[in-house]
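Enquirer: Sequence and predicted structure are below.
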Amino acid sequence: MAEENKSVDPKNASSIFDFTVKNLDGEDVPLDKYRGKVCLVVNVASNCGLTKNNYKQLNELYAKHKDSGNFAILAFPCNQFAGQEPACETDLKEYVVKQKIEFDFFGKVNVNGKQAIPLYDYLKSKQGGMLGDFIKWNFTKFLCNKEGVPVKRYSPTTEPNQIEKDIVGLLEEKN
């Protein structure tokens, strides 16, 4: 599993742009590279019952809005929910190609517990869930504005096409 740069304390972060994560090749990716973009951050799993529909709709959303240059989807594979993402990074890279996933896919992470990456601790602290701050399942989605601040959290059963209006609203906001 990819380890995230732990130099940023989630309590002191002002946005997702303060964090660095690992890509599928284990290389550091400063999320600052997304500055000025509306970002949808999603924990994903390839063997979940929600996978097929979510990946299809995430791909459609990304294809529809990527040319604006102001939209990004950041997918974080996670195996914490019923072992539904057992693949290693090498297999995940092949999966991304095979499924024709165009949005950004990162290294495998934990989103809950002591091993949760700081990015997810930050997201959960800014947009808690109905029954607690923890992530309940695969495909929990966080929508962040162009300043990298989480503005809304969506449940795993909220389909990506149901949140398009919120994405468009943030894309249309003036800086």
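Expert: Alright, I've got the coordinates.
Enquirer: which residue is nearest the centroid of the protein?
Expert: V41 (2.4 Å; CA atoms, centre = their mean).
Enquirer: For the helix or strand containing that residue, name the packing helices and strands.
Expert: Here V41, judged by DSSP states H and E, is contained in strand 38-44. Applying 3 or more CB pairs under 8 Å, 6 or more residues apart in numbering; DSSP states H and E, one finds that strand 38-44 contacts helix 51-65, strand 71-77, helix 118-126, strand 141-144, helix 164-172. Glycine gets a C-beta too; all of them are placed from N, C-alpha and C.
Enquirer: Give me the residues contacting the longest one.
Expert: The contact list for helix 51-65, computed with CB atoms under 8 Å, 6 or more residues apart in numbering, reads 40, 42, 44-45, 71, 73, 75, 99-103, 138-139, 159-161, 164, 167-168, 171.
Enquirer: Buried subset of those as a ChimeraX selection?
Expert: A single ChimeraX command selects the buried members of the contacts of helix 51-65 (16 or more other CB atoms under 10 Å):
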select :40,42,44,45,71,73,75,101,103,138,139,159,160,167
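Enquirer: For the strand holding V41, list the C-alpha coordinates in PDB.
Expert: The C-alpha trace of strand 38-44 is given here as PDB (Å, rounded to 0.1, in the frame of the first residue of the first chain):
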ATOM      1  CA  VAL A  38     -13.000  21.700  -8.600                       C
ATOM      2  CA  CYS A  39     -12.000  18.300  -7.200                       C
ATOM      3  CA  LEU A  40     -14.100  15.300  -6.500                       C
ATOM      4  CA  VAL A  41     -12.300  12.900  -4.100                       C
ATOM      5  CA  VAL A  42     -13.500   9.300  -4.000                       C
ATOM      6  CA  ASN A  43     -12.400   6.200  -2.200                       C
ATOM      7  CA  VAL A  44     -12.900   3.300  -4.700                       C
END
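Enquirer: tilt between it and strand 71-77?
Expert: 20 degrees (axes from the mean of the first three to the mean of the last three CA atoms, to 10 degrees).
Enquirer: distance between strand 38-44 and the chain's centre?
Expert: Offset of strand 38-44 from its chain centre (CA atoms, centre = their mean, to the nearest Å): 3 Å.
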